[in-house]
Structures are given as C-alpha cells and as structure tokens.
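Asker: pasting the sequence and the predicted model now:
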Amino acid sequence: MKIFQKKITLNSFPRGTHLITKQIKDNITEIKNIQKGILHIFLQHTSASITINENADLTVREDMENYFNQLVPENEPYFKHTYEGSDDMPAHIKSSILGCELNIPITEGELNLGTWQGIYLCEHRNHGGTRQLVLTLMGN
Amino acid sequence: MKIFQKKITLNSFPRGTHLITKQIKDNITEIKNIQKGILHIFLQHTSASITINENADLTVREDMENYFNQLVPENEPYFKHTYEGSDDMPAHIKSSILGCELNIPITEGELNLGTWQGIYLCEHRNHGGTRQLVLTLMGN
Amino acid sequence: MKIFQKKITLNSFPRGTHLITKQIKDNITEIKNIQKGILHIFLQHTSASITINENADLTVREDMENYFNQLVPENEPYFKHTYEGSDDMPAHIKSSILGCELNIPITEGELNLGTWQGIYLCEHRNHGGTRQLVLTLMGN
C-alpha cells in the first residue's frame, strides 16, 4: 500500500461556486500510479467548502450560490460573530453544511467520478484570499 | 494492508429516503475478512445522496423527505437550471447538503455502526433510475 | 502501512456546539507515530453530529446552535417521529445535514488542521447522554 501527501494552494476565487476538478488532477499526477485507492481532499479553512456536484452547466453553480445565500442570510439579528462583516458568520455556517473534506475513489489511475460529477470549491467570503488543500492519496 | 474495490448498481428507488444497509453488506462480503479498517461508499451521482440516520422507524425517513422538500422548494423563481423539470435543481442542492460519500469503520469483520444507525440512499429525482456505488474497503 | 483503531466515550454535553479537538488528540496519542496518514472519526449516533469549524471564538458556536435551531424548527405539524419529544426529529435532521464522520490528514505526527479549524461535537438533544466515537488511524 502506497501513501502520498501534498499541500497545494488555490488562487483566490471570487465569492461563489467554482469547478476545481482539473486543478486537483493537475496537482497530484501520482494518481496515475494507483490502481485501487482513495484520494482525500481536505480544505484547511472554515469559511469556504468543497463538495461534489454537476460538472457541465454553469447555471447549477449559479443556482447553488443563490440558494445558499438565501438559506443562510446575512445580517440575522441574532448573529454575534460579525466582526469581519456580514459575510463572516454565514460563511462559517455554509462551510459546515457543505463540508471541508471529501474522499474520492481511485480506479486504474483515475479519479472514479460519475459522468456528471465535478469537485466544487465554494468560496463563501467576499474576499477569501488563497485557499490551502491537503491532498492524501492511499492505495496500490 | 488489504484493499478491495467494487462497483455495484442499486435498482431504481422511488423519490424518497431508503435504508440500504443490507444491500451494502450483501454486496461486499469481503468485509468479514477485515479486522480493522474502513469502508468507503461513493455514489456516482449529483441528484441523489447517501447519509446515515435512524434505522428502525419508517417515520424518520418520511419526515426527512418532507423536511428536505420544504427546505429546498421546487419552482424557486431564481432557479435557472430547470431543464429536466422542477425536481432538477432541488435534487442537486440536496445532494450537496447531504453528501454523496461516507466512510464507515470496520471492526472484527463487521460494519461498526451504532445500534440505531443505518445507511440511507436519498433519491431526490421523481424518476432517478438505477444508481451506481463505488465501494472501497481498506484494512487488515 | 499501520492501522490503529479505538473506541472512546465522550462525557455528556449539554445541547449545543462544543469544541472537542483536545479530547480527540488526548485519546489517540498514536497519531505522533504517523508521518503521513488519515484519522477517521466516526460518531455512532443519529441525533448528534461532528463537523469542523472555527476554533477560537465562542460566538461562532453559539451562532451555529441558534442558526440550526431556526433552520430545523421543533413542532413542525408534519413531523410524525416525535415520540421522544419535540427535539427528537430535528436532532435526526441536523445529524444528516452536518454529518457523523470526518477524515483529517495526519502530517508529521500531528492532525493537519488549518490554523482556525477545530473539531465540533454538536449535541442536538436536550439530554443526549454520553456519545461514542470510533477512531481509525491509517498511515506510515
């Protein structure tokens, strides 16, 4: 069983939902040496998230962003954690709803995603800056 | 360390929340050869989801389906991704909220679930069709 | 590749969101022997959850609890699963939204969390009692 680990930095994304499957693949080409295994993707932040969703149509990503903005409104009168602006606490909540880590199976040297699946980085802050991912690959 | 991987197809389920613990166990009997390990379950779709919840009372599954239908309403005026009907975009959103993958510990040849835990397949489409799972088992 | 597995019991927490990073670390000191790997944390319950969020400011945990209480209201007229009180079904729903399991990378003998990340136990019941975690550590 092999194990490989690497930390990568994603460039700043604007607030919204972005497809990062290609960036992941390009940054961990060791996947091609694994016949059966798992890639773990871990986002080291609490105001962004990663999730899997539809990889083809931009309107899914736009609807996702709009939906989560109404699900977790800014300026709720009971929010206390508002030091960094109205997008601060909603970003933390969205991060826990969507999650900060994923496992994806590796089969015959490839991410074994479904036809329509892509990896999303959801940037919940207005100015989130660069984001760090720890990638851990295990398998044979 | 052993690794075993398998793809299985679940028969079509009606829209709603369904217990699939037995189907998982019956399809990956190699679990009995693992003393300590992890089973990764990966759903290759973006309009269904898998989650863990109460395994005994059907009313939990019914209340879950009803709750998520009001949480993510169909026909939101701002939804753009509605090509396949009013259940299209809500299904994608529910899939990201609930998630498409799970890890479950294996202990002494068994899934080490809590007494009341079962694995749910949540079918968010009116006519979702068959669904594919990639199962990856690692351990000793 | 080494694998280590352990079951631990958390003392009863009051309803709300609690930081448990230190309890996890103190209970699985074998992490220090792993240079590259993954820690899997599995909560064996369906009315509590574990998630990762901000580790420094108590107001994040308070706002999280308040937000999820309004997101999943008690006493919804359509809830059928209410045998154990008005906090019963909402606890199950919150558990699936937030999730009952996490993977965290291990790097050079430490949990490789981001600077602001901590592990939360979210107790969704008014009187949840003790909670069991199965910890599985894999790596070199």
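Answerer: Yep, that arrived.

Asker: can you give me the pLDDT of the most centrally placed residue in chain A?
Answerer: Nearest to the mean C-alpha position of chain A, counting by CA atoms, centre = their mean, stands A:I50 at 2.0 Å. At A:I50, the model reports a pLDDT of 98.

Asker: list the buried ones in the helix or strand harbouring A:L137?
Answerer: Taking DSSP states H and E as the definition, A:L137 sits inside strand A:131-139. By neighbour count with 16 or more other CB atoms under 10 Å in any protein chain shown, strand A:131-139 contains the buried residues A:131, A:133-139. To be clear about C-beta, it is placed using only N, CA and C from the backbone, and glycine gets the same treatment.

Asker: stretch A:26-35 too?
Answerer: Judged by neighbour count (16+ other CB under 10 Å), stretch A:26-35 contains these buried residues: A:27-28, A:30-31, A:34.

Asker: show me these that map onto helices.
Answerer: A:N27 (DSSP state H).

Asker: of all pairs in the buried residues of stretch A:26-35, which one is the farthest apart?
Answerer: Pairwise distances across these (CB to CB) peak at 15.0 Å, for the pair A:N27 and A:I34.

Asker: the closest residue to A:E123 other than its chain neighbours: neighbour count?
Answerer: Distance criterion CB to CB, 6 or more residues apart in numbering or on different chains; nearest residue to A:E123, sequence neighbours excluded, is A:F13 at 4.4 Å. Here the number of neighbours of A:F13 (other CB atoms under 10 Å in any protein chain shown) works out to 18.

Asker: pull the contacting residues for A:F13.
Answerer: For A:F13, the contact set (CB atoms under 8 Å, 6 or more residues apart in numbering or on different chains) comprises A:121, A:123, A:128, A:131.

Asker: buried among those? Need that as a selection in ChimeraX.
Answerer: In ChimeraX, this line selects whichever of the contacts of A:F13 come out buried by 16+ other CB under 10 Å:
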select /A:121,123,128,131
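
Asker: need the max-distance pair from the contacts of A:F13.
Answerer: The most widely separated members of the contacts of A:F13, counting by CB to CB, are A:L121 and A:G128 (9.6 Å).

Asker: what do these two both touch?
Answerer: Listed as contacting both A:L121 and A:G128 by CB under 8 Å, 6+ apart are A:13, A:48.

Asker: who in chain A is up against chain B?
Answerer: Contacts of chain A with chain B, taken as CB under 8 Å from any CB of the partner chain, map to A:1, A:36-38, A:51-54, A:57, A:59-60, A:62-64, A:66-67, A:71, A:97-99, A:102-105, A:107, A:112-117, A:120, A:138-140.

Asker: in strands, which of those fall?
Answerer: A:36-38, A:51-54, A:102-105, A:107, A:117, A:120, A:138-139 (DSSP state E).

Asker: contacting residues around the residue of chain A at minimum distance from chain B?
Answerer: Relative to chain B, the nearest point of chain A is A:G114 (3.0 Å; CB to the nearest CB). Residues near A:G114 by CB under 8 Å, 6+ apart: B:43-46, B:132.

Asker: again, 7 Å this time
Answerer: A:G114 sits next to B:44-45, B:132 when contact means CB atoms under 7 Å, 6 or more residues apart in numbering or on different chains.

Asker: show me which of those residues neighbour chain A.
Answerer: Residues of the contacts of A:G114 in contact with chain A (CB under 7 Å from any CB of the partner chain): B:44-45, B:132.

Asker: closest to chain C out of those residues?
Answerer: B:H45 (17.3 Å).

Asker: return the residues in contact with the closest residue to A:R131 other than its chain neighbours.
Answerer: Leaving aside its chain neighbours, A:R131 sits nearest to A:L10 (4.7 Å; criterion: CB to CB, 6+ apart). A:L10 makes contacts with A:20, A:23, A:121, A:130-131, A:133, as judged by CB under 7 Å, 6+ apart.
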